[in-house]
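S.K.: How does the following fold in three dimensions:
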Amino acid sequence: MSTSETFWSRLRRARDQLAAQVLSHPAVTMVDIGLAEPKAGAAPVLRVHMRAGDTSDLKIPQDVDGFVVQIIQADYRMQ
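M.R.: Got it, this is the predicted structure:
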């Protein structure tokens, strides 16, 4: 995994681009940067957090600027 400032700047720009595309959808709760699921390695990925519901009209790309996009489906609640 690269630790260069250029790499992280690209990753943050990709996150912002993805957020601009999908955050207006009511099922999307957050877009962030995280680590890939264990089976995929420990590379940084873009994660779209979504609640259950109709997402048939939502188009989420598989990658943005070469960074993999993962979907996390969960209903988060205050505890």
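S.K.: Now do the helices in the protein.
M.R.: 5-22 (DSSP state H).
S.K.: That one: strands as residue ranges?
M.R.: 28-35, 44-50, 63-64, 67-73 (DSSP state E).
S.K.: Could you look over those strands and pick the most buried one?
M.R.: Most buried of the strands of the chain by mean neighbour count (mean count of other Cβ atoms under 10 Å) is strand 44-50; its value is a mean of 21. From N, CA and C alone the C-beta is placed, and that goes for glycine too.
S.K.: How many residues are close by the residue nearest to Pro26 when sequence neighbours are not counted?
M.R.: In space, and not counting its chain neighbours, Pro26 is closest to Gly53: 7.2 Å by Cβ to Cβ, 6 or more residues apart in numbering. Here the number of neighbours of Gly53 (other Cβ atoms under 10 Å) works out to 12.
S.K.: wait, which of the strands of the chain is closest to Arg13?
M.R.: strand 63-64 (9.0 Å; Cβ to Cβ).
S.K.: For that closest one, name the packing helices and strands.
M.R.: Contacts defined by 3 or more Cβ pairs under 8 Å, 6 or more residues apart in numbering; DSSP states H and E place strand 63-64 against helix 5-22.
S.K.: could you give the angle of the helix it packs on to strand 44-50?
M.R.: Between helix 5-22 and strand 44-50, the angle comes out at 20 degrees (axes from the mean of the first three to the mean of the last three Cα atoms, to 10 degrees).
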